[in-house]
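*Asks:* next one to model:
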Amino acid sequence: MKFLKEHYKSFILVPILFVALICTCPLPRHIEFESNGWQLDMSSKEALFEESAEISIEGWHYQFLFFDDFANLDVHIESSQAEYEFSIDHNKPLLFQHGDATFAHINSAHFEGTNLRRVHILSQAPWQNILIELEGLQAQGEQILGVFAASEAGQADLTALIEEYERLRLSN
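*Replies:* Okay, here's the model as predicted:
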């Protein structure tokens with residue numbers, strides 16, 4: 001009993017520090033996505049999958065218990081029309097549920113060495129099916145440079161992702 005009376009502060013302090021550590025440390029998730037995808041023509045429902053493109057995303061998604069999540073990603077898109085390579089640093093992905101699917105959405109406007117103005121990345125079952133919209137500054141003003149989509153399973157898995165993209169575009 002004498003031992004407990006002398007060290008009671010330590011017995012209280014250790015669990016408090018342990019809980020504080022758990023609450024402030026992130027749960028890192030490595031993202032390594034590489035797939036043959038498509039450049040989408042959103043104006044045409046018949047020829048939606050316009051041409052092929054290679055899409056790769058590599059980086060980390062840090063999930064916190066009580067703080068905002070953030071992601072550091074390196075993105076590379078190669079299509080017959082153009083090649084885009086950029087990094088997204090410390091951007092906060094928005095995780096949300098719509099219907100039966102879970103989505104992650106990143107809206108970023110911070111790039112180095114590119115003419116990109118904004119990038120929207122929408123991912124279903126986060127980081128498995130990817131849809132990327134690139135906006136840039138052209139002589140005519142801001143315009144969409146391309147919409148790219150990829151899935152490790154194929155085109156059929158992209159239906160819900162494309163519908164969610166269209167829903168988000170209409171709501172903005």
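*Asks:* and R118, what helix or strand is that in?
*Replies:* Assigned by DSSP states H and E, R118 belongs to strand 116-124.
*Asks:* my bad, Q143
*Replies:* Counting by DSSP H and E, Q143 is part of strand 141-151.
*Asks:* strand partners (parallel or antiparallel) of the strand holding R118?
*Replies:* In the sheet, strand 116-124 lines up against strand 101-108 (antiparallel), strand 129-138 (antiparallel) (DSSP bridges).
*Asks:* need the winner for burial among these.
*Replies:* strand 129-138 (a mean of 20; mean count of other Cβ atoms under 10 Å). Any C-beta I mention is one placed from the backbone N, CA and C, and that applies to glycine too.
*Asks:* and that one, average pLDDT?
*Replies:* Over the span of strand 129-138, the pLDDT mean works out to 81.
*Asks:* now do it against strand 141-151, angle only.
*Replies:* 160 degrees (axes from the mean of the first three to the mean of the last three Cα atoms, to 10 degrees).
*Asks:* now strand 129-138: how far from the chain's centre is it?
*Replies:* Counting by Cα atoms, centre = their mean, to the nearest Å, strand 129-138 is centred 12 Å from the centre of its parent chain.
*Asks:* cool, stretch 136-155 as well?
*Replies:* Per Cα atoms, centre = their mean, the centroid offset for stretch 136-155 relative to its chain is 15 Å.
*Asks:* what's the first-to-last distance across that stretch?
*Replies:* End-to-end distance for stretch 136-155, by Cα to Cα, to the nearest Å: 26 Å.
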